[in-house]
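*Asks:* With the sequence up front, the predicted model follows.
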Amino acid sequence: MNTRMFGEKVARVEDDRLLRGHGRYVDDLAAGALHAAVLRSPHAHARIKDIDVTDVLDCAGVHAVWTSEDLDELGGSLAGPLPLLIPHPALTHGRTQHALARGEVNYAGEAIAFVVADDRYLAEDAVARIRVDYEPLPPVVGIEAARAAEHVVHPDVPGNVGARLEQANGDAAAAIAKAPHRLSLDLTIERSASTPMEGRGVVAQWNADLGRLLLWSSTQTSTGVRAAVAAQLGLDLRQVDVMTPDVGGGFGVKINHPWPEEVLVALAARSLGRPVKFTEDRREHFISSAHERGQVHHVEVGFDDDGRLLGLDVTFWHDHGAYTPYGLIVPIITSTQLLGPYKPQAYRVAFESLYTNTVMVTPYRGAGRPQGCFVMERTMDAIADALGKDRLEVRSANFIQPDEFPYDHGLVFQDGRELEYDSGDYPALLEKLRKLVGWDDFEQLRAEKAAEGKRVGIGVACYVEGTGVGPYEGAHVHVETSGKVKVATGLTSQGQGHQTAFAQIVADELGVRFEDVEITTGDTRRMPYAVGTFASRAAVMSGSAIHKAAKRTREKALRIAAEALEVDVTDLDIVDGVVEVKGVPGSTIDLGTVAVLANPLRYAFDEASRAATQFTVGDPGKPPVAEGEQPGLEGTDFHSPERSTFASGMHAVVVETDPETAEIKILKYAVVHDCGRLINPMIVEGQIHGGVAQGVGGALYERMVYDDAGQLLNASFMDFLMPYVTEVPDRIDIDHQETPSPLNPLGIKGAGEAGVIPSAAVFAAAIEDAERIDHPGLTIRAMPISPSELFALRQAHEAGKDTP
Amino acid sequence: MKITGEATLVAPVDRVWDAVLDPRVLVTAIPGCERLEQTGEHAYEMTVTAGVASIRGTYAGTCRIGQLQQHESLVLSLQGAGAPGTIDAEVAVRFEDNGDRTTSLFYDADAVVGGMVGGVGQRMLSSVSRRMAHEFFSNVEAAINGVPAHHAPVEGEEAAAPAPAPAAGAVFTASPRQPAGLDQDSFLKGVAVGAGLVLLGAVVGGLVGRRR
C-alpha cells in the first residue's frame, strides 16, 4: 500500500532552494541583456504638447528611445490602446492606456517614453535627458471628486462613470420600508496595494534563427502574456513562448497583462536583435502597477427583532483609477461576496465604477471581498448593537443552514455564472470559533484587564469566498523511462508551494514516489492551454486537472502492464513506481519499463530504449502503437467546473487599545477555516498566516496617500507602512473544518486569499468594542485605522461630531 | 503641498524691495542658480543645479510674476522640471515694514511636487525648504548690506545709479559676481524668482534627505 500523501503536512520542497538564494527570478536571467528604463509622467493629468528626445540620440550606450510616434511606425496593434481584458456589458465606458502615452497622461507614473541602453544606469540617465512639455490639466483624485465630476478624467466619459451595475433579488426597498427596525451606515475602505517583494520584471529574447520570441515575465498568467504580446506585435501565437520563473509574490497585481513594459521589451528584443530586460524598481511599482480596495459604501438595512435581515440595500462607489483593463471584477466581487454566509430575504446592490487620475486597479488578494466583508460585518455588529443582542446570535439568525445547499443567491458572480454556494456548514464553523477564541469567557477577561487599567475588545467577522473560478486549467503528466514523472500545468506559481502540493496529488494517484515528481508551472512550451493564478484557483483548478491527468496516465500504465504481465487490469496496483500484481509478490514491472513499452522505438540510445526497439518488443500481428493509443506513457486532462466552489471562514481577534495613546495591540487571533479537503494542512496554514499578516497591514497600517494633485506621497517602504513580524500576532490559532466541494474530484476549495478577507471587519469590531468601555457609542466606519485616527475619533465622539 | 515661511531682513522695506529684485543679485544669492534669462516682462527662464553631496539635479524652469503691489506683495507662478522631479507652484510673497529698519518677508506657496521627489521626498520637504529659505534670505541680506565684499554696496535711493532695466533676452549668470546698481523692477522680479528657486532647492533637498 502506498502511504497516502493527500492531507499530510508535507514540508515544502521548494523552500530549501528559495531560502538559500537559489531561486531564479526574472532579474537573475539573461546576464548581459540590454536594460530598459521608462520615462513616467510626473503629472496626474496633463496634455503632452511635445516630447524632445534629441539629447538622447547621441548618447553612447543607448540603443533605442521610443515614444508613441515610434510605435505607430513599428506596426502591429501598438498604435492602439492596450486590450481591455475583461469586457462587461455594464462597462459602457471602458478605457485602457497605450503602451506609451499618446497626447495625454492620466496618472502620475504613466509610461511616456522607453529607452534601451547597455545598462540600467545609462538607460535612466538617458530618460532624464528627455524633455517633455506638458500642459497640466485639473486632476480628479478620490471618490468624492470623481462623483462631483467638476472635472473629468476622460473627456468622453461623462461624470467619470465607467460603469454602473445593479443586481437584485427580491424587493429590498419594500422589505426595508416594512421592517420593524432600520439602520443606515456609511462605510469606507481606503486604497492599498499588493506590494509583492519582487516587482514586475520581463526579459525578452528574439531568436532570429527560429523566428521566435522567448519571453520571461514575473506574471500570474504566462498564457495571457503570450496571447497579448503576440497580438500586440503581430506575431503568430506559435512564434511566442512565455516562461514564468520563480516569482517573488503576486497577490493579484501581476494578473494584469500585458503591461506596457512586456510589450515594449519584446518589441525591443525583436527590433534590436539583442536580449532586453526591464526590472521595475520599488517606486515604479507604487506609481505604475496597480492598486485596489478604495471604495465608499452606503447601506440601508431592515431587520426583525431577532436581527434577521429582511431587506438589505447597498450602494457603493469604486475608485478604479485612470483605466479599466481588468474590467469590473473587483466591484462585482464586492457586490456579490458581501453576502457572506447570510441570506437576506431581499437584496439589492448597485455600484458605480469611477475614473480618477490615479494608478489603475487590479484585484489585490481578497479582491473586493475585504470591502464586502467589512460592509456586511459592520452591519451585523450595528444590528446587534441596536437590538442589544450578542453579535454571534445575530449572525446565527442569518446563516444559510447546512441543509440548504446548494444555495442560489439569485445573482450573477464574477465569472458570469450563478452565485450558487455549493457546500458549507456555517453554524458548526461559528461554534468552532466560539470555542477557539473563548468568546463566552471574554467578559471575564475584559473585567480582569479593566482591573489592570487596560481596555480590551473582541471582534468577529465571517466570510464566504468563491474560489476556483473557471474557465479551466489543464495538466500534462509524463512518465520518463527512468520512472521519473514530469508534470506541467499552465498556471503560474508565486510561492504557493505548488511543487509540493501538486506532487502530493500525483504521488497518490499515479502510485509514484513524491520525490520522483517534478512540477513545471507557467511555461507555455509545456502547457499552452491555461488561464492563470488568481481567485484562489490554483489548487482547485490545476490540482484537479493534475489529478485527472495522473489518473489517465495510471490507466494507460495499467493497460500496458496488464498486457505485459498477462493479467487483468483490475488485478494490478502501482506502489512506489512499481506495477505489481496484487497478492503475487515478485510479479512486478517498473513504471519506467512500462514507459519503455509505451513508446516502441526503431533506434536505441540507452539501456532502457534498447528494450523498446523493434526486434525486441511487439506482437507481429498488431500495430506497434495500438488503435486509439498514442506513444509515450503520458496523460493530459483538463478541469472545467460548472461554477466556482465556495470556501468559508470566520476570524476573531482580541485587541487592547491604549486609553492615552490609542495604540492598538493584538492579544489573540483565531481563525476557523473551511476550504474543503486539505491537500496539505501546513501549506494552508502558511497561506492563512500570510493572509492574516497582510490583513493586519491592510487594517492598521497600509494606505495610498494621494494629495489633491494626484501625487502619491508615500511611494516607498519608508512611508508606506507594512507590518513587520513585530506587528503580526505571535500566534494564530487555527481550526479547520472540511466540507468537501462537490464540484471537483478532490473535494477541495481555494485557500490563498482567505486570511486577508475579514481583517478590516474584524479589527474594526474589536477596536470599537474596546473603545466603548470609555467611549460608549463610538463607531468605526472607515478602515484602515491608525492610532492617531483612533485618537481623533475619540475626540470627535466626545465632541458629539461622529456619525453613526 | 503648502509651504509657508518667513524671514526678517535687516534693511527697510524699500531697500529690500529694491535690492533683492536684481537678477544679478539673485543669481549669486540662490544656491545653485546658474542662469537667469529674461524672456519678457516679468518672465524668466532659469537653470538651477541643486543638491547635497553626491546627489545633484539640474532643473530648467520658468517663472512669471504678477499681482505686483509695490513694497507690499506679489505672486509668483513657477514651473520647473528636472530629473529628480517637477514643481508647479504659486507663491504669494508679502513684504512687511517693521519700522525699525527691518523688513519681514512672508511666503506662502501652494506647490505640486511631482516625479521621484513627489513620491519619496514629501515628508522632508517642509523642513528642508525652511533651511533653504533661511540660506537664501541670508544671502540677500548680505547682498543688501554689502557683504561679501565683492557685492556692490547699496547706498539708498539717491545713491543708486539708475541702471537700465534688463531687456528681454538678458542673461544673468552666477559669475562674475558683480551685481550692478539696482532698479526696482529687476529687484522685484528677483525676490519672486528667489522664492521660487527656494522651492526648487527644497525639492532637491528633499530628495537628498531621503537618499542618504
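*Replies:* Right, received. Where do you want to start? These numbers were taken from a predicted model, which means no experiment stands behind them.
*Asks:* For residue A:310, grab phi and psi.
*Replies:* Phi and psi for residue A:310, reported as degrees, to the nearest 10, are phi -90, psi -40.
*Asks:* residues in contact with it?
*Replies:* Counting by C-beta atoms under 8 Å, 6 or more residues apart in numbering or on different chains, residue A:310 touches A:175-176, A:178-179, A:302-304, A:344-346. All C-beta atoms are positioned from the backbone trio N, CA, C, and that covers glycine.
*Asks:* Out of those, give me the two with the largest separation.
*Replies:* Maximum pairwise distance among these (C-beta to C-beta): 13.8 Å, between A:178 and A:344.
*Asks:* which residues do these two both contact?
*Replies:* Common neighbours of residue A:178 and residue A:344, using C-beta under 8 Å, 6+ apart, are A:310-311.
*Asks:* who's more crowded, the two?
*Replies:* Neighbours were counted for residue A:178 and for residue A:344 using other C-beta atoms under 10 Å in any protein chain shown; residue A:344 has more, 24 against 12.
*Asks:* Could you say which helix or strand holds the more buried one?
*Replies:* Secondary structure assigned from DSSP states H and E places residue A:344 in neither a helix nor a strand.
*Asks:* Residue A:314 is in contact with that one, correct?
*Replies:* No. Here residue A:344 lies out of contact with residue A:314, judged by C-beta atoms under 8 Å, at a distance of 10.0 Å.
*Asks:* Show me which residues of the stretch 651-800 of chain A sit near chain B.
*Replies:* Residues of the stretch 651-800 of chain A lying close to chain B by C-beta under 8 Å from any C-beta of the partner chain are A:707, A:709, A:711-716, A:718-719.
*Asks:* Next, the residue of the stretch 601-750 of chain A found nearest chain B: secondary structure please.
*Replies:* Closest contact between the stretch 601-750 of chain A and chain B, by C-beta to the nearest C-beta, is at residue A:715 (3.2 Å). Secondary structure, DSSP: H, G, I helix; E, B strand; the rest coil: residue A:715 is coil.
*Asks:* hang on, it packs against residue A:288?
*Replies:* No. Counting by C-beta under 8 Å, residue A:715 does not reach residue A:288; the two are 10.0 Å apart.
*Asks:* In the stretch 401-550 of chain A, where is pLDDT below threshold?
*Replies:* Within the stretch 401-550 of chain A, no stretch falls below the threshold (pLDDT under 70).
*Asks:* where along it do the helices fall?
*Replies:* Secondary structure of the stretch 401-550 of chain A, counting by DSSP state H, counting those that start in this stretch: helices at A:426-437, A:442-451, A:498-506, A:543-565.
*Asks:* Could you identify which of the ones you listed is most buried?
*Replies:* Using mean count of other C-beta atoms under 10 Å in any protein chain shown, the stretch among the helices of the stretch 401-550 of chain A with the largest mean neighbour count is helix A:498-506, at a mean of 25.
*Asks:* Flag the shaky bits of the chain, pLDDT-wise.
*Replies:* Picking chain A for this. Residue ranges of chain A with pLDDT under 70: A:1-2, A:75-76, A:802-804.
*Asks:* ah, no, chain B please
*Replies:* Along chain B, segments meeting pLDDT under 70 span B:1, B:19-20, B:22, B:24-26, B:28-31, B:50-56, B:118-130, B:147-169, B:174-212.
*Asks:* the helices in it, which residues?
*Replies:* Assigned by DSSP state H, chain B shows helices spanning B:13-20, B:23-29, B:115-120, B:122-144, B:184-211.
*Asks:* Same question for the stretch 551-700 of chain A.
*Replies:* Assigned by DSSP H, counting those that start in this stretch, the stretch 551-700 of chain A shows helices spanning A:591-597, A:607-610, A:681-700.
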